[in-house]
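S.K.: Build the 3D model from these lines:
(6 chains)
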6 protein chains.
Amino acid sequence: MNGIQLIAGSSHPVLAQKISKKLKIPLTPIVIKNFANGEIYVRVEKKVRGDDIFIIQTMGGGVNDTLMETLIMVDALKRSSAGRINLICPQLCYSRQDRRTRSHEPITSKLVANLLTKAGIDRLITVDLHAEQIQGFYDIPLDHLFGYPLIAKMILKEKYKDIVVVSPDIGGVKRANKLADLLGAPIAIIDKIRKEHNKCEVAHLVGDVKGKTAILIDDIIDTGGSICGAADTVKQFGAKEIIICATHALLNGEASKNLEKCSATKVMLLDSVPIPKEKRIKKMEIISLAILLSKIISRVHNEESLGELFKWEEQHKLL
Amino acid sequence: MNGIQLIAGSSHPVLAQKISKKLKIPLTPIVIKNFANGEIYVRVEKKVRGDDIFIIQTMGGGVNDTLMETLIMVDALKRSSAGRINLICPQLCYSRQDRRTRSHEPITSKLVANLLTKAGIDRLITVDLHAEQIQGFYDIPLDHLFGYPLIAKMILKEKYKDIVVVSPDIGGVKRANKLADLLGAPIAIIDKIRKEHNKCEVAHLVGDVKGKTAILIDDIIDTGGSICGAADTVKQFGAKEIIICATHALLNGEASKNLEKCSATKVMLLDSVPIPKEKRIKKMEIISLAILLSKIISRVHNEESLGELFKWEEQHKLL
Amino acid sequence: MNGIQLIAGSSHPVLAQKISKKLKIPLTPIVIKNFANGEIYVRVEKKVRGDDIFIIQTMGGGVNDTLMETLIMVDALKRSSAGRINLICPQLCYSRQDRRTRSHEPITSKLVANLLTKAGIDRLITVDLHAEQIQGFYDIPLDHLFGYPLIAKMILKEKYKDIVVVSPDIGGVKRANKLADLLGAPIAIIDKIRKEHNKCEVAHLVGDVKGKTAILIDDIIDTGGSICGAADTVKQFGAKEIIICATHALLNGEASKNLEKCSATKVMLLDSVPIPKEKRIKKMEIISLAILLSKIISRVHNEESLGELFKWEEQHKLL
Amino acid sequence: MNGIQLIAGSSHPVLAQKISKKLKIPLTPIVIKNFANGEIYVRVEKKVRGDDIFIIQTMGGGVNDTLMETLIMVDALKRSSAGRINLICPQLCYSRQDRRTRSHEPITSKLVANLLTKAGIDRLITVDLHAEQIQGFYDIPLDHLFGYPLIAKMILKEKYKDIVVVSPDIGGVKRANKLADLLGAPIAIIDKIRKEHNKCEVAHLVGDVKGKTAILIDDIIDTGGSICGAADTVKQFGAKEIIICATHALLNGEASKNLEKCSATKVMLLDSVPIPKEKRIKKMEIISLAILLSKIISRVHNEESLGELFKWEEQHKLL
Amino acid sequence: MNGIQLIAGSSHPVLAQKISKKLKIPLTPIVIKNFANGEIYVRVEKKVRGDDIFIIQTMGGGVNDTLMETLIMVDALKRSSAGRINLICPQLCYSRQDRRTRSHEPITSKLVANLLTKAGIDRLITVDLHAEQIQGFYDIPLDHLFGYPLIAKMILKEKYKDIVVVSPDIGGVKRANKLADLLGAPIAIIDKIRKEHNKCEVAHLVGDVKGKTAILIDDIIDTGGSICGAADTVKQFGAKEIIICATHALLNGEASKNLEKCSATKVMLLDSVPIPKEKRIKKMEIISLAILLSKIISRVHNEESLGELFKWEEQHKLL
Amino acid sequence: MNGIQLIAGSSHPVLAQKISKKLKIPLTPIVIKNFANGEIYVRVEKKVRGDDIFIIQTMGGGVNDTLMETLIMVDALKRSSAGRINLICPQLCYSRQDRRTRSHEPITSKLVANLLTKAGIDRLITVDLHAEQIQGFYDIPLDHLFGYPLIAKMILKEKYKDIVVVSPDIGGVKRANKLADLLGAPIAIIDKIRKEHNKCEVAHLVGDVKGKTAILIDDIIDTGGSICGAADTVKQFGAKEIIICATHALLNGEASKNLEKCSATKVMLLDSVPIPKEKRIKKMEIISLAILLSKIISRVHNEESLGELFKWEEQHKLL
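M.R.: Next up, the predicted model:
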């Protein structure tokens, strides 16, 4: 494999800069322009022939523009004879539409996989997929990284006592369980969709949080409604201190306000998507994926094993 | 679309016969032979040109032979100019290998999808996938049916009191939750993988079963070890009566003995795989998928909507 | 082929309504929602199994959202066993990026073709492609319609005298020539990119417009800058009356103001994209494609020849 | 990438020899035989495993035999484990059938793209495509070179005065415009298809050639009928001196005679196809592509940028 | 399936006419033109949308032109929305290059399969493939017909006594054996490639022909050299009467002269390729495939079984 | 290409060990487990990223399990970013189902090719295919090796006199002929399917074996019935000594007993499949493919020519 190049899409310049600095590889110059009707024009401003290209792009907001920008970049690179096109996409869009729950629905997450593959990516590197099965939507190599160990490390450092990991809903139990494993803690689940005997919906807690430090974990915080509701629920059930954690902090709409007002005292977030200043609040602690992604890029380029980076415990030690 | 034909693979003749009888369509004659080295020979003994073919095959035991038999049947049909090849496969093999949990693993469930699609099936009809995301492994139409409503209906008929639906592990919580929705009951979870302070593994119950009728639900019963252990656990935690339910009763090894000995008083199973006489025990109640599958075949052939058959509540009423 | 259905994307409800009315086929109900991060959710609210589906969608503004919406609709239809998926897309996005004019560029128009084909459309019906070669970017049947005869008909009806058809630039000469053929008129060309002896750029007219009615024709009016400049140029060169014509009236930014102020007395537009009230000015005459598209849909569904609809002269007579 | 090899098809041995000499790489021995029924037999007589292969082949005459020979060579190379198969094809056949102008026509130029890609070429290098959009018919890397700068260079060297570049028809305006840009000259167009008021066809000149040196440019000279007619037309309109230029000198039928007799005093041709002695006439000046192609081959093999070779001005300086 | 259409390529107008007459379906008008450089232009002159098209084309001489003509016809039909494209090609070109016997060779017969499939045929109908395994080169339905029963029927009618079927070489033994089965006769083999102790090549006969009627059978007669040599060999070994039979009478070069001069008294040929008057000699008896092919077309169109047409014995009775 | 790795499937550990030892490359550790229902779990226990992987697997018995195991290994390797996946499979399963001899049959050998290619192998290396045309079932590089020269070498070493090579049936004549070429011997054929005048089947010998050493050659010995019958037949026709040779010694059922009892005095076998101790009898001489395969692996990895290894005569000298 020839030289290595980093190319940043327009979605997360801060993360791209951090990775570039960490790896001591300058970002390849690229023109990305928007026409009046929304069409995107892309031109790489450097020779890429034969090189091992890493596109750094994430899909937090304006996902359709970002996805299309990515596909166009890949098309330009492929036609310019790039040696290998690796897409680093910490937050993959449409991952919640990963199955049909009603008839006449699409599986947009698979569609996205088909589009990226058809455009010509050779490898996808992503973080904390909404469902791990999405790996199988791709037939190209996909390196799926876990961000939760970074959160676990931060929690352990702060030496909380009497921890319980709480899943804000039934769908997130496995995720909570994994974090609990890392922390050596029990789990609890908020089950708010049960309607007994046609009564109205009542938040229900499976497990025990009384007097404990409740760690609420989710993959995505969108408008924050459900995670903040969960924080208030565990408060009602007697939790002493409440910490919210998430990988993908989309923070749409009133999310920051909701987090500000809710019962949580701390919000730990990864920077899989950019978190602009106006959305940041005091409670937030933001942990960067830059070091993890830099290591991955370096290993993939040098054809070294990523093995231990895929395991929670071992990744833990490395970072 | 021309005529309709039903072709039975060698895996589940009883189910095929039931469907054939229900639909009043005779099974198309087919030769399936095994050579001394295990190679399979298939020959359809009737003209299929232009017809709408439904293969009835399931993958309970000897899955590699059955999968290969299926692929060969599809190849023969495709080369014989079949109009459309629909595979009815209530139990899809390798569905538990649906993601990579460690490095250097395959995603065999996706591989199976690729093989079936490459061989030439035009549609897949299956029941209670291990993970719903497996739908996205296919780009052909896939009709995913739920068998749990059939179980719910049976439970409701027997008028148990004070029901709690119990998931035997963290991975099965969503499934338990769905059944609980149908039954209007709360859920509980057995969480046996937590190791607190390096102590040995202890079965742990999140939620409450004391004095209740515990419905233990799983998708697959393989050797029965884990579901029977779960039954004993809920017994220890004070459940009054225990019922085990599952869609895919593989019943390998000592499964029947284990079920016999365990604390459950009833075992409700669907016939997605054949359950031979020697594996049947008194506690078992077997509910057939034949009516559901017959309806599906008829609607697919006549290009009618399956919409309501995909919803738990409405499917419930239909059957 | 079973029943016919019309499904409207969110891009051009007026055109969809007109076609629906003309064909006396109601639009199939569909849910199209946007999530806070821009993700689109689509669900068809009627059975489509086996039916011949015509999606009516155009790509005037917000093209990436519209393109993605289209791909998701196609995915939903394909997985719902639609019989055939025909995309009626009068204005195809990215058609100006149809070749690489510099190194390290994409060919986004081909990328779009690959994406639509991969998602699963069976046929594309479009109007006045930026370059006719884009037909070859598709290997599925593509019915390419001409809108110019509708403009020609309107011009002929108004009985202008001494017509000359003017191409506003070198790239549009073939288009002008075709319209001139229909009108039995000569052509002229504005050639503004020649720089003789390093002087600044001068608009240059190849051919003669003095005292004539100049018909300026372009395929796309984006911000209108270049077509309005062309109108002023032909004015300077002595044209008596000036009419601007175009198929795809994107009318971005100051387009309507520019058209208002320029030397043209009339602006004839097709409705390949919606032209909202606030962009309409008095000079504009808008000719609808609804009748042409309705005829096409009807013929495609009934497997009748479109032959004559592809020829300028004959299409002319039909409409 | 391992070693580099040059393999010549049977179509243009002289060009292949020149490139081989320039690059100091001997041509790989290959057997190409014809059977009595026209079937072609190909066998490479040297190990190609892992090597970077450049096939030198053009498609001037007997295009179907040459195309098939090329496909067979590619098949042999692919099955012999060639590392990368690059096709150098200065004149690509069927490029004029690049769109459907009437119903029920093929797009043979796209078909050719599909055939070459299916057979297994990894890259195409070609010169002066009939339409630049043909680039998008390929999804493999395609390096499209311009030959016109070589012609411009020759014209500039001869210091003609008062140049006008003339397109022999409407379709060639863009090409003429590009050459005019290089020469800093104005353009004119012959428009012979206008029929005013049902009169017979009259050659019509848009622009001015009186007393000037008219440079007539076309991509392909087939039988020469149209370009020679154009030369006579510009003569009638008063051109002082007339020079015909073209990249692809097919020179079929009476082409050489026609060129001999017409009003042009010079005919400048590139050697994208072989021009046998019997077709050569005194007026002809033949400029070889060998140096340009050699540079390309060398850069592609060494994964160097071709960027400047794609730009008219810069390519100009290089050669 | 809609209407049926027959389209004749330029290769075998007589056979196409016979089939058209037999089926009472007129040939669809089509324009096939050749440009000076050998490029082929095709245009179907009738609507084909949705219809079931049967192309009648064979590949006897000028195979590359014919193959390319076929591919272009298919491209035109596909882009014109033909319902199904069936290629009737009694003699498939390049079928002798069906494996690699030396390194660095192509497998052109597979390449042809890939090209036809890529262009878009939906079904191939052919006669007496050089090797039956070529069926597996296709993944579309392929109906492989036997022409030998037509020959067998003719031989039986003439009531020869004491027949032995002779294969002219080792490679043809299976074919001879099949004919022998139909005739109830023994076989013999000419084995001319054995070189014992470095002596020169000697024709060697395995089996016995003395005093018998020797039926020499081959699939293809190209220049006739080998089959005529075989006739002379069996003469030397004492055969009383000699009859040569073949399906594909390419008759290149001196073939007719060779057949005239050789020891055979009769040459029975099928008309899988046209046999022009100037190649016909008195000994020849030509049996037409028209009836067999007409029956096939009719059955394929009506989705009836071809089963018995694939069996020698039963086909025998039908024709 | 990076490092080389050998990975052994579970089918032929002895051969894998021999190759590993010969090449001085240890076998890569791999976990291959079977679940109770026959599902196979595979995990490679070493980093393979970027490496050149050679899987050593054969398909002698339990072919469906072995084929599936192979496909799963390939899937795991592909998803783990292996650089190139080469499958060494001396005995390819289902190679006898390489064409349709009756209607409504599959071509399973092609299906296997499609499955292996779809799963992701980059190259196949195999020995003595049942029909050489199977090479064309693959579009990836396929290196087809001959094992017969190893047998020829052994026969020549033992200095038998008056050799005749006998094909046990019509289908094997080419194979016998090739061996005869190597040995400089004549051939004979057993033709046991002729039924003259409705009499019962009689073994019939074409050629002469009286007093000679008859070498009976077949590619596969399955249950041994037909080859042993052939041995007895040549005995009846007067052969003095009889030697049976074969590449693929499946030895199913009573094969060893049959060989023991039959008229052959020696049975020469290659080890393309494992021959367990309980199946070995005194007459057997087993020649290992390990040296040949080791040479191939080494050359493929180093991108050296295999040319001479494909020729009988030259391979002969090398081993």
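
S.K.: make it CA atoms for all contacts and neighbour counts henceforth
M.R.: Fine.

S.K.: packing partners for the strand or helix carrying A:Asp181?
M.R.: Element membership for A:Asp181 (DSSP states H and E) is helix A:173-183. Judged by 3 or more CA pairs under 8 Å, 6 or more residues apart in numbering or on different chains; DSSP states H and E, helix A:173-183 is in contact with helix A:148-157, strand A:163-167, strand A:187-190, strand A:213-221.

S.K.: List the neighbouring strands of the shortest one plus their orientation.
M.R.: To tie it back to what came earlier, the one meant is strand A:187-190. Strand A:187-190 has its sheet partners listed here by DSSP bridges as strand A:163-167 (parallel), strand A:205-206 (antiparallel).

S.K.: Around chain B, pick out the residues from chain A.
M.R.: Contact residues (CA under 8 Å from any CA of the partner chain) of chain A with chain B: A:98-100, A:102-104, A:107, A:110, A:131-137, A:170-171, A:173-174, A:177, A:181, A:184-186, A:188, A:194-197, A:206-207, A:306-307, A:310-311.

S.K.: Produce a PyMOL select command limited to the buried residues of those.
M.R.: In PyMOL, this line selects whichever of the residues of chain A next to chain B come out buried by 16 or more other CA atoms under 10 Å in any protein chain shown:
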select buried, chain A and resi 98+99+100+103+104+107+110+131+133+134+135+136+137+170+171+173+174+177+181+184+185+186+188+194+195+206+207+306+307+310+311
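
S.K.: In helices only, show me the residues of chain A next to chain B.
M.R.: A:110, A:173-174, A:177, A:181 (DSSP state H).

S.K.: Kindly indicate which of these lies nearest chain F.
M.R.: A:Lys110 (17.3 Å; CA to the nearest CA).

S.K.: correct me, but the closest one touches A:Gly136?
M.R.: No. Contact criterion CA atoms under 8 Å: A:Lys110 and A:Gly136 do not qualify, at 9.2 Å.

S.K.: Overlap in contacts, these two.
M.R.: Residues touching both A:Lys110 and A:Gly136 (CA atoms under 8 Å, 6 or more residues apart in numbering or on different chains) are B:Phe137.

S.K.: most neighbours per residue, which of the helices and strands packed on helix A:173-183?
M.R.: Of all the helices and strands packed on helix A:173-183, strand A:163-167 has the most neighbours on average by mean count of other CA atoms under 10 Å in any protein chain shown, namely a mean of 28.

S.K.: same question for that strand, mean pLDDT?
M.R.: Average pLDDT, strand A:163-167: 95.

S.K.: picking that back up, other residues contacting the helix holding A:Asp181?
M.R.: Contacts for helix A:173-183 (CA under 8 Å, 6+ apart): A:148-149, A:152, A:156, A:164-167, A:186-187, A:189, A:216-218, A:312-313, B:170-171, B:173, B:194-195.

S.K.: A:Glu45 and chain D: what is the separation?
M.R.: Using CA to the nearest CA, to the nearest Å, we find A:Glu45 at a distance of 10 Å from chain D.

S.K.: Out of the residues of chain A next to chain B, list just those in strands.
M.R.: A:188, A:206 (DSSP state E).

S.K.: Specify which member of the ones in helices among the residues of chain A next to chain B is nearest to B:Lys212.
M.R.: A:Val173 (23.6 Å; CA to CA).

S.K.: Return the residues in contact with A:Gln91.
M.R.: A:Gln91 touches A:58-60, A:126-129, A:248, A:272-273, counting by CA under 8 Å, 6+ apart.

S.K.: Pick the one among these closest to D:Asp52.
M.R.: A:Thr126 (33.7 Å).

S.K.: Kindly state the beta-bridge partners for that closest one.
M.R.: Applying DSSP bridges to A:Thr126, the residues it is bridged with are A:His144.

S.K.: That one contacts A:Gly147, doesn't it?
M.R.: No. A:Thr126 sits out of contact with A:Gly147 when judged by CA under 8 Å, with a separation of 9.9 Å.

S.K.: Can you pick out the residue with more neighbours from those two?
M.R.: Neighbours per residue, other CA atoms under 10 Å in any protein chain shown: of A:Thr126 and A:Gly147, the larger number sits with A:Gly147, 29 against 22.

S.K.: if I look at the more buried one, how far off is A:Val164?
M.R.: 19 Å (CA to CA, to the nearest Å).

S.K.: burial of the closest residue to chain D within the stretch 51-200 of chain A, as a residue count?
M.R.: Nearest residue of the stretch 51-200 of chain A to chain D (CA to the nearest CA) works out as A:Arg79 at 4.6 Å. Neighbourhood size, A:Arg79 [other CA under 10 Å]: 25.

S.K.: Distance of A:Gly225 relative to chain E?
M.R.: 51 Å.

S.K.: isn't that residue right up against A:Gly253?
M.R.: No. Using CA under 8 Å, A:Gly225 is not in contact with A:Gly253; the gap is 10.0 Å.

S.K.: Tell me the residues of chain A that contact chain F?
M.R.: A:139-142, A:303-305, A:307.

S.K.: Put together CSV for those residues, with pLDDT on each row.
M.R.: Supplementary listing: those in CSV, determined by pLDDT from 0 to 100:
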residue, pLDDT
A:Asp139, 97
A:Ile140, 97
A:Pro141, 96
A:Leu142, 96
A:Glu303, 92
A:Glu304, 89
A:Ser305, 82
A:Gly307, 68
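
S.K.: Farthest pair within those?
M.R.: A:Asp139 and A:Glu304 (20.5 Å).

S.K.: more neighbours, those two?
M.R.: A:Asp139 (22 against 14).

S.K.: about what we covered before: out of the contacts of A:Gln91, show me where the pLDDT dips lowest.
M.R.: Within these, lowest confidence goes to A:Gly60 (82).

S.K.: any low-confidence regions in chain A?
M.R.: A:1, A:192-202, A:307-319 (pLDDT under 70).

S.K.: how does chain A divide into domains?
M.R.: With domains defined by automatic domain parsing, chain A comprises A:4-146+A:290-318, A:148-287.

S.K.: Check the gap between A:Leu306 and chain E for me.
M.R.: For A:Leu306, the distance to chain E - CA to the nearest CA - is 39 Å.

S.K.: nope, A:Ser298 is what I meant
M.R.: 39 Å.

S.K.: Check which helix or strand that residue maps to.
M.R.: Under the assignment here (DSSP H and E), A:Ser298 is part of helix A:290-301.

S.K.: Then A:Ile7?
M.R.: strand A:4-8.

S.K.: Just the C-alphas of the following helix or strand past that strand, formatted as PDB.
M.R.: Proceeding N to C from strand A:4-8, the next assigned helix or strand is helix A:13-23, under DSSP H and E. Extracted in PDB, the C-alpha atoms of helix A:13-23 (Å, rounded to 0.1, in the frame of the first residue of the first chain):
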ATOM      1  CA  PRO A  13     -13.700  19.500  11.200                       C
ATOM      2  CA  VAL A  14     -12.700  19.600  14.800                       C
ATOM      3  CA  LEU A  15     -12.400  15.800  15.100                       C
ATOM      4  CA  ALA A  16     -10.600  15.600  11.700                       C
ATOM      5  CA  GLN A  17      -8.100  18.300  12.900                       C
ATOM      6  CA  LYS A  18      -7.500  16.300  16.200                       C
ATOM      7  CA  ILE A  19      -6.800  13.100  14.300                       C
ATOM      8  CA  SER A  20      -4.600  14.900  11.800                       C
ATOM      9  CA  LYS A  21      -2.600  16.400  14.600                       C
ATOM     10  CA  LYS A  22      -2.300  13.200  16.500                       C
ATOM     11  CA  LEU A  23      -1.200  11.200  13.400                       C
END
